[in-house]
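Asks: structure for this input, please:
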Amino acid sequence: MREVFFGIGLILIALAGLFHVYVFYLESIAWLKPKTWKTFGLPSQEYAEIIRAMAFNQGFYNLFLALGVISGLTLLKINSTIAFTLLVFSALSMVGAGLVLFFSVKTSRRAAFIQAGPPLLGLFSLLLGFAAKR
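Replies: Sure, this is the predicted structure:
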């Protein structure tokens with residue numbers, strides 16, 4: 001049972017990492033495309049251009065969170081302690097960012113659940129894996 005919980009947790013955290021790579025793409029590469037800025041609820045191309053530098057920077061925060069997950073997954077077979085530390089830290093950071101979004105931008109609550117939900121469920125699954133008997 002332990003391996004099942006670990007597997008589910010790793011999958012959920014990996015999916016969260018992939019999501020953060022996608023958000024990096026949107027915020028740092030595709031920001032000025034109308035479909036992108038409309039996705040983020042911006043009123044105009046002009047406004048998207050005004051906050052472009054902020055979005056670019058924010059995109060890299062998302063990429064760094066994803067790189068933490070990728071590094072953790074890569075290190076699983078080499079050093080499980082470092083791997084799980086990276087995975088838990090990255091997932092907790094994603095959950096924390098989702099909570100900040102949830103409480104600071106009421107119109108973005110759905111996005112906050114999308115951002116925080118999978119890593120939170122992944123963390124719970126990892127915790128269940130650690131608690132399960134072999």
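Asks: quick one: whichever strand or helix holds Gly59 to chain centroid distance?
Replies: Counting by DSSP states H and E, the secondary-structure element that holds Gly59 is helix 52-75. Relative to the centre of its chain, helix 52-75 is centred 8 Å away, using C-alpha atoms, centre = their mean, to the nearest Å.
Asks: now do it: everything it contacts.
Replies: Residues from elsewhere that reach helix 52-75 (C-beta atoms under 8 Å, 6 or more residues apart in numbering): 10, 13-14, 16-18, 20-21, 23-29, 31-32, 40, 48, 82-87, 89-91, 93-94, 97. (Each C-beta comes from the backbone N, C-alpha and C, glycine too.)
Asks: run the last query once more with 7 Å
Replies: Judged by C-beta atoms under 7 Å, 6 or more residues apart in numbering, the contacts made with helix 52-75 from elsewhere in the structure are 10, 13-14, 16-17, 20-21, 23-24, 27-28, 31-32, 82-83, 86-87, 89-90, 93-94.
Asks: just the buried ones out of the residues you listed, please.
Replies: 10, 13-14, 16-17, 20-21, 23-24, 27-28, 31, 83, 86-87, 90, 93-94 (16 or more other C-beta atoms under 10 Å).
Asks: against Arg52, how distant is the nearest residue to Gly41 once chain neighbours are set aside?
Replies: Taking C-beta to C-beta, 6 or more residues apart in numbering as the measure, Gly41 lies nearest to Thr107, with 6.7 Å between them; neighbours along the chain are not counted. The span separating Thr107 from Arg52 equals 21 Å under the rule C-beta to C-beta, to the nearest Å.
Asks: equivalent analysis for Ala83, please.
Replies: Ala83 sits 36 Å away from Arg52 when distances are taken as C-beta to C-beta.
Asks: how about Gly129?
Replies: With distances defined as C-beta to C-beta, the gap from Gly129 to Arg52 amounts to 42 Å.
Asks: what about these two, which has more around it?
Replies: Ranked by neighbour count (other C-beta atoms under 10 Å), Gly129 and Arg52 place Gly129 first, with 19 against 15.
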